[in-house]
Structure formats: structure tokens, C-alpha cells
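> need coordinates for the below:
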Amino acid sequence: MTAGSRGDVAPYTGLGHGLARAGHQVTLVTHAPFEPLVSGSGVRFHPLPVDPRAELESSRGRGLHRSTTGAGKLVRLAALARSLIDRMTGDLVAAARSSDLLLLSAPLGPLGHTLAEGFGLPCLDVPLQPLSATREFAPPMLSAGSWGAVGNRVAGQAMSLAVEQVFAGVLPSLRRELGLPRRGALAGRRARERSAPPVLHGFSRLVVPRPRDWRPGLEVTGYWWPYDGERHLPAEVEEFLDAGPPPVFVGLGSATVPRPDLLSAAVVRALRRAGLRGVFQRGWSGLSADGDDMLTIGEAPHSLLFPRMAAVVHHAGAGTTAAGLRAGVPAVPAPIQFDEGFWASRLVGLGVAPGALPLGRLTEESLRLALVRATRDPAFARRARELGARIRAEDGVAPVLGAVERLGPSTGSRAG
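Here you go, the predicted structure:
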């Protein structure tokens, strides 16, 4: 069960495919527009009624751009999420009712745990970010750095309680529907902490080492790669790649920006001044570029596209960051909001990016300089290749498969 943007969904198509190959019946429960992502994977699909792209493009969604701080954006996002949860709850209940085991992404954790309790089901948390409180870094959704050991820990715990509050409007009625006793958000959080459920994180220890102060059961598995099946790059992309030196990828994934035309034009000028070709992925922001040295594309598997790039310019979402690392190419991260600053700082710290350029402060000149460094300093390419090879050798699905088979029926079980 997952909710959010494409980056909150795509990794679970690969995880689900791995579980299905092992003999389990797997259903991905998420927004209806993402159903094509599981085509051919052996994973079933249960749609949720909310269209996240439409919500981000609504007046409420565009309100995120009016917040200039991470905390402000989170407050607006939480308000948007609260208004949407009720519309999804009925389908989540129906999906849980026909499952033997629930795998829960972070955005639906509190609601999913209530469903597991109500139906007497085992469940497993499978977040894509390190959300459990730690002294080693501040909550990724709030900061790219550290507020000191105590500050980091306190902020992490406060962040967890804030997530619980998003569901405060729907959980009391859901608990009544399921015949469960009343319980507040704080009590629910404490009950789960006492039971110490397993949490398997879908990223690599090479990128974020497991915090030393995490309790037993909080594990890091390695990445879960989106299922790409037998997909190929479009013919026009192959032709463009063959027509010249490796270009630079530019994309913002599921992020939206107020003036994509102005941003696109600035990026094109920076690329040309750096002597580089570009491949622009429209994404949800609507980026585009014209000219023989530029190509604008729609959806294309990053697993096939990124290895053929000279560098990747992206918003540093968790999924796109992982794809760039897997490909072994340098990055120029341009974080916009939420956990993107955290992942951007990791890329810089790993030596595969010359620096982070927060999109709100990005200029044509700063991007040109970053592109020149990323593509002409061989150290970035060397470190990216070495790290990519090590990340590709990891098997992030195996630990989840082991946990699933310990928690539920060994074969033929239904995981939602």
C-alpha cells in the first residue's frame, strides 16, 4: 500500500515483482493512474481514487510553491493529505480485507497499521527514506544537515507524531468500523514502538549507512528497482543518442514548478554555454527544449536512459537519486522540497556531484559551472562508476522476501 507521486510507487513495482517471482500473490494498492507501471510484472493492482498529479496542479497543490521553507511546505502538504485520506480509506479497507499480509509505505503507515490491527494481519513497514528518529541526522523531510545529536533525535520524534496527526480525522471512525477500542495518535505510536515491528528500508547502506542508534529490527535492505520488463528506449531517443556525444539528462520527476518555460530556457542556455547536449524529460513540471542539440521526451525507463548520459540534472527525489547512482553517472542535484535536500547532500558527500543547486536559487551561471565540473572533472565520473557497480551488486528484495515468509504463509500468500 502506497500513496503519493510516481517516486512513491515505482520502487514497489520491482519489489512486488520479486515477491511474485518467489510464488506470492502480490497486489499493489495505489493511485489509479499508476496501473501501467505493473503491466507485465505479475503484480495485481487495486486502484485508489485520488489522482496525485491533478491534486498538485489544483489551486491547493499550487499553494506549495508559496511556501519558502521546508516546514511551511510540509504544513501545506499535510493539510492537502488530510483532505484526501478519507477518499482513499474505503478502497484501502477493501484491499486489506482480501490480504494475508500488508506491506506499508511511509505515507500510509498509520492507517495501514490500523487496518492490520483490525483484520488481525501481520504487516511490514517498507519506507523509502530513513524516517525513524536518530541522533546522526535531522529528519530528511525537514533538513539536509544536522541539528546536533539531541536536536536531531527530538525533531525525528516530533516528525513521526506530525505524520500521525495527518490521519487524526479518519482513524477514530475507522477504528469504530473495525471494532477496535478508541486510541489517540500518541498512544498508537507508543504501542507500535513497544511491539518493535520490523522496518525494512529500501535504500542502500552505501548511500545512507544504518544509524548506530537505531533499535534492532530497523534494517536497510538495498534499493528496490522499478520494474521495467521488456521496455526499450523510443526510436527518437536512440537516434538522438547516436547522433553525438553523451548528453545531459534534465528532469524534475513528479515535482511541479511555477514557470517551467523560464526554467527550461535557463537550463538550455547553461547547457549550450557548457558545450553540452541535453535530454529534457517533461515530467509533471512540463520541461521542454528545442533545437538539434536538445531533445524533449515523455516517459522513458531511467535504467536504460541514465547509463548513456554524461550527467543527470534532477530534483534529487529518492527514486531519481537512486537511478542515477545505479547508472554510475555524475549528478547535478537541484532539490525543490521535502527530502530532496537530504538526498542531494548525500550525492555531494559521496563525491558524485559537485554541489547542490536548490532550484529556488539556481541561475544559468551556477548551473553552467556545475555542469562543467560534473562532466569534465574525471573524479566525479570515476567515483560514480565505482559506487554504481557496488550498488548494482546489492539485492534489496531478498531481505523483504525473507521477512514476508517469516511473517506469513510461505507460498501463495496474498500481500497487499
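> check which helix or strand covers residue 94.
For residue 94, the host element (DSSP states H and E) is helix 70-97.
> so what touches the helix or strand following that helix?
Sequence-wise, the next helix or strand downstream of helix 70-97 (DSSP H and E) is strand 102-104. By Cβ atoms under 8 Å, 6 or more residues apart in numbering, the residues outside strand 102-104 that reach it are 1, 12, 15, 96, 112-113, 115-116, 121-126, 400, 404, 415-416. For the C-beta atoms, the positions are set from N, CA and C on the backbone; glycine is no exception.
> strand 102-104 pairs with which strands, parallel or anti?
According to DSSP bridges, the neighbouring strands of strand 102-104, each with its direction, are strand 123-125 (parallel).
> and the strands in this protein?
25-31, 44-48, 102-104, 123-125, 199-201, 218-220, 248-251, 278-281, 294-297, 311-314, 331-333, 414-415 (DSSP state E).
> as CSV, these with mean pLDDT and distance to residue 359 would be great.
Below are those laid out as CSV (pLDDT from 0 to 100; distance: least, Cβ to Cβ, whole Å):
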stretch, mean pLDDT, distance to residue 359
strand 25-31, 96, 25
strand 44-48, 96, 29
strand 102-104, 97, 30
strand 123-125, 95, 30
strand 199-201, 97, 26
strand 218-220, 97, 28
strand 248-251, 98, 12
strand 278-281, 97, 15
strand 294-297, 97, 19
strand 311-314, 98, 10
strand 331-333, 98, 10
strand 414-415, 62, 37
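> CSV for those, including distance to residue 391 and mean neighbour count?
Shown next, in CSV, are those (distance: least, Cβ to Cβ, whole Å; neighbours: other Cβ atoms under 10 Å):
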stretch, distance to residue 391, mean neighbour count
strand 25-31, 24, 25
strand 44-48, 28, 19
strand 102-104, 22, 26
strand 123-125, 22, 23
strand 199-201, 14, 24
strand 218-220, 12, 19
strand 248-251, 18, 26
strand 278-281, 22, 24
strand 294-297, 25, 20
strand 311-314, 15, 29
strand 331-333, 13, 31
strand 414-415, 25, 21
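> would you turn those strands into a markdown table with distance to residue 83?
Formatted as a markdown table, the strands of the chain follow (distance: least, Cβ to Cβ, whole Å):
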| stretch | distance to residue 83 |
| --- | --- |
| strand 25-31 | 15 |
| strand 44-48 | 14 |
| strand 102-104 | 21 |
| strand 123-125 | 24 |
| strand 199-201 | 28 |
| strand 218-220 | 31 |
| strand 248-251 | 29 |
| strand 278-281 | 29 |
| strand 294-297 | 33 |
| strand 311-314 | 29 |
| strand 331-333 | 31 |
| strand 414-415 | 29 |
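> so what are the domain limits for this protein?
Following automatic domain parsing, one gets these domains for the chain: 6-224+396-415, 235-392.
> looking at those domains, which one has the lowest mean pLDDT?
Averaging pLDDT over each of the domains of the chain singles out domain 6-224+396-415 as the lowest, with a mean of 86.
> chain center to that domain: distance?
With Cα atoms, centre = their mean, to the nearest Å as the basis, domain 6-224+396-415 stands 11 Å off its chain's centre.
> what do you get for stretch 385-405?
17 Å.
> show me what counts as buried in that stretch.
By neighbour count on 16 or more other Cβ atoms under 10 Å, the buried set for stretch 385-405 is 387, 388, 391, 394, 396, 397, 399, 400, 401, 403, 404, 405.
> which non-adjacent residue is nearest residue 232?
residue 304 (7.2 Å; Cβ to Cβ, 6 or more residues apart in numbering).
> sorry, slip of the keys, the one I care about is residue 365.
residue 270 (7.6 Å).
> which ones are touching that neighbour?
So residue 270 contacts 364, 365, 367, 368, 371 (Cβ under 8 Å, 6+ apart).
> just to revisit the earlier point, and of the strands of the chain, who's closest to residue 209?
Proximity to residue 209 (Cβ to Cβ) singles out strand 218-220 among the strands of the chain, at 7.9 Å.
> tell me the strands beside that closest one, with direction?
Here, using DSSP bridges, strand 218-220 pairs with strand 199-201 (parallel).
> quick one: residues in contact with the strand it pairs with.
124-130, 132, 217-221, 399-400, 403.
> mind redoing it with 6 Å?
125, 126, 127, 218, 219, 220, 221, 399, 400 (Cβ atoms under 6 Å, 6 or more residues apart in numbering).
> output the residues you listed as CSV; include the columns distance to residue 334.
Shown next, in CSV, are those (distance: Cβ to Cβ, whole Å):
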residue, distance to residue 334
125, 30
126, 28
127, 24
218, 30
219, 31
220, 26
221, 28
399, 32
400, 31
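> what's the neighbour count on residue 145?
Per other Cβ atoms under 10 Å, the neighbour tally for residue 145 reads 11.
> what about it, distance to residue 204?
Remark: distance between residue 145 and residue 204 (Cβ to Cβ, to the nearest Å) = 21 Å.
> before we move on, back to that, out of the buried residues of stretch 385-405, which are inside helices?
387, 388, 391, 397, 399, 400, 401, 403, 404, 405 (DSSP state H).
> the third one against residue 204, yeah?
In other words, residue 391. Yes - the pair residue 391 / residue 204 is scored as a contact, 5.3 Å apart, by Cβ atoms under 6 Å.
> any idea which of the contacts of residue 270 is closest to residue 107?
residue 367 (31.3 Å).
> in space, what's closest to that closest one - neighbours in sequence excluded?
Closest to residue 367 by Cβ to Cβ, 6+ apart is residue 270, at 4.0 Å.
> distance of the one you found from residue 316?
18 Å.
> report the contact partners of residue 38.
13, 28, 45.
> count the neighbours of residue 360 for me.
12.
> going forward, count from 430.
Will do, 430 is the new start, and the previous item becomes residue 789.
> could you pull out the helices for the stretch 480-629 of the chain?
Taking DSSP state H, counting those that start in this stretch as the criterion, the stretch 480-629 of the chain carries its helices at 481-485, 488-491, 499-526, 538-548, 578-595, 600-606, 614-624.
> any buried residues in stretch 734-748, and which?
Those would be 734-735, 737-748, for stretch 734-748 by 16+ other Cβ under 10 Å.
> and the residues you listed as a markdown table, adding distance to residue 770?
Formatted as a markdown table, these follow (distance: Cβ to Cβ, whole Å):
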| residue | distance to residue 770 |
| --- | --- |
| 734 | 25 |
| 735 | 21 |
| 737 | 28 |
| 738 | 23 |
| 739 | 24 |
| 740 | 19 |
| 741 | 17 |
| 742 | 16 |
| 743 | 13 |
| 744 | 10 |
| 745 | 7 |
| 746 | 11 |
| 747 | 12 |
| 748 | 16 |
